[in-house]
Every structure is written in C-alpha cells, then in structure tokens.
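Engineer: Have a look at this prediction, sequence included:
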Amino acid sequence: MTETTTTPAVRVHDLTKRYGDKTVLDAIDFAIPRDVICGLFGRNGSGKTTIMSILTAQNFATSGDVEIFGEHPYENARVLQRMCFVRESQRYPDDAKPKHAFAVAQLFFPNWDADFAQRLIDDFRLPMNTRIKKLSRGQLSAVGVIIGLAARADVTFFDEPYLGLDAVARQLFYDRLLADYAEHPRTIVISSHLIDEISDLIEQVLVVDDEQIVVNESVDDLRDRAFTVVGPAGTVDEFIAGREELHREALGTVASSTVLGTLTDDDRQRLTAAGLTTAPVSLQELIVRLTQNSDAQHRTGLTAGAHR
C-alpha cells in the first residue's frame, strides 16, 4: 500500500494473538488516524501492551495484518525509525547512564531534538551521570518520557508512562506533551489506567476487553453516547423507559441512572417539567460502564453494540 495523506498512521486487520491455548486478541480491527492523541484503555491483561508490541515489531501476531503508514513494520528499518515505544520494562546495559540512553536515541530517531531533550532533563531534574539501574522508579520513568517526547517520532507509543511519577511530574509530562504536540503534530498512543487524568489530552479512544476492541471512536462522539439522570426513582424510570441503562445507584427514594443516548431539546423540557436533573458522564465512568455492559452482554450471548 502506497502512503498518502489519507493513509492512517496505524491499521490493524483481523489481528489475533495467542499464547499457547490462551487467546489475548481475537480477530480485532481498528485504525488510528494521523496526528491524533489516542488513549488505549483496558483492564490488566486485556492485551494493550501486546497490541503495541506487535505494532512496533517487538512481538508477532498469530494471524492478521498490521500496517504503519501503509507499510508492514517487521524488518522494515524505514518504518521502525518512524516509531518510538516507551515501556516500563525497557532494559538498559548494567553500566548505562541516562546520557548514554539519550545519545543512542539521538542516533536512532531522525527527528530527535537535543535542545528539547535538555529542557526536559532540567524539568524532571534527572541525574545524567547516575547508572540507570540505580535510578528511582520515577527517574526511570522520566528517562522513557524524555525519549518518547524528544524523539518526535511519527508514531509514539507510551505504555503507562506515568508509573513511578508523582502527581507533579505526571502533570509536567502532560503539559510538555500537549505543548509539543501542538507545535509538532504526530500520532501518539497512550496506554493508561488514569483515564480521567488524561481525558483532556486525547482525541480518540480505543478500549480492548475480552479479546476484542469494544470502543473505537472520537472522544467527542463517546461523550455524547450517555448521560446520567437523577431524581425520584419512579420519575427516573418513566423518563428512561425504552433506553438502555448502563448503571444505577440508589439512595433511599432517589435514583441515579446512567443511560445510553443523547438528550434532545424535547428531552430537556421533559426533564425540567419532571423535576429531574442530568449530568454528563465522565470519560472514565463511561468506559468502565461500557466495558461492564459488554461483559454482561457477552455472558448472556448477546452481541455487544460496540465497534470492532
């Protein structure tokens, strides 16, 4: 496939991965456009790292096809130089120091920005002459974050890059990522459990669960998929009749119901007339509820109403 401006940064078709008798990914399909920040979410063991490892040619699919800008990444130096994969389990030589890791990165990544890297080193207060094996967990995370940002690869994968970083350092990472992305757009995929913490960064959402992609859409579209109604239980039930309920909480006679769907002007008038209140659903809650709903449908043999 020849690369064009409409060629997605990432394309996955019918991808299956098995480890022995265990299936981790079962014939999944998805695409990630160019120049977006995509959140990759799922429970531990759901296959997030496996997906990124296969896309960066550090693991192999059992079957199916993956492309980066229309090319297969395996044994393709041209494609591999366009990708950066930041993961906590990255190994370094026993005597390696941060300055050595950055020197190697500068040789490998054609878009490496040494000045930006130095600013990040200063921001994270990273000791350059301490052996990496002697760094704290937060400092080790900072090494990966600096490489991932300063490389300015066309596609960058961050696999839970915040591990070990305190709240201040995580916010620093988010701020630097967003500011540099605005000046140098590229495709960035962030795997994280801190969904709400990165919700203002991301533009697309991928959720993997039970061997499948259960959500694959823009953040704006996803936010429009559900809302919460609060009020007397009977009145809430009347309003949500015919809608799919994702979650319900009750306190005495008051119910809070999260349902799929969008609110029309007529709906809002009905809410006001009935004395009900409504609120948007946080991205984290929505993803959790959709995943739980997908699980329930899977257990009852129904087809999940999500993108595959």
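Structural biologist: Perfect, I can see it now. Residues are numbered from 1 along each chain as shown.

Engineer: Show me the helices in this protein, by range?
Structural biologist: 48-55, 77-80, 98-108, 114-123, 137-150, 167-183, 195-198, 219-223, 233-240, 265-274, 283-299 (DSSP state H).

Engineer: Can I get these in CSV including distance to Val24?
Structural biologist: No exception for glycine: its C-beta is placed from N, CA and C like everyone else's. Output for those, formatted as CSV (distance: least, Cβ to Cβ, whole Å):
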stretch, distance to Val24
helix 48-55, 5
helix 77-80, 23
helix 98-108, 29
helix 114-123, 34
helix 137-150, 24
helix 167-183, 28
helix 195-198, 21
helix 219-223, 24
helix 233-240, 36
helix 265-274, 41
helix 283-299, 16
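
Engineer: Quick one: those helices as TSV, columns for mean neighbour count, distance to Ala31 and mean pLDDT too.
Structural biologist: Output for those, formatted as TSV (neighbours: other Cβ atoms under 10 Å; distance: least, Cβ to Cβ, whole Å; pLDDT from 0 to 100):
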stretch	mean neighbour count	distance to Ala31	mean pLDDT
helix 48-55	23	12	95
helix 77-80	14	16	93
helix 98-108	16	26	96
helix 114-123	15	29	97
helix 137-150	22	22	95
helix 167-183	15	20	96
helix 195-198	17	21	92
helix 219-223	15	15	90
helix 233-240	16	34	95
helix 265-274	12	33	93
helix 283-299	18	19	72
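
Engineer: Which one, of those, ends up nearest to Ser257?
Structural biologist: helix 233-240 (5.2 Å; Cβ to Cβ).

Engineer: what does that closest one contact?
Structural biologist: 229-230, 250, 253-257, 259, 270-271, 274-276 (Cβ atoms under 8 Å, 6 or more residues apart in numbering).

Engineer: Break the chain down into its domains, please.
Structural biologist: 10-221, 224-299 (automatic domain parsing).

Engineer: How far away from the center of its chain is the shortest one?
Structural biologist: Centre-to-centre, domain 224-299 and its host chain are 25 Å apart (Cα atoms, centre = their mean, to the nearest Å).

Engineer: of all the helices of the chain, which lies closest to Glu88?
Structural biologist: Of all the helices of the chain, helix 137-150 comes closest under Cβ to Cβ, at 7.1 Å.

Engineer: that older thread, redo the contacts of helix 233-240 as TSV? Include distance to Ala9.
Structural biologist: Below are the contacts of helix 233-240 laid out as TSV (distance: Cβ to Cβ, whole Å):
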residue	distance to Ala9
Val229	38
Val230	40
Ala250	45
Thr253	51
Val254	46
Ala255	43
Ser256	39
Ser257	38
Val259	34
Arg270	43
Leu271	41
Ala274	46
Gly275	48
Leu276	43
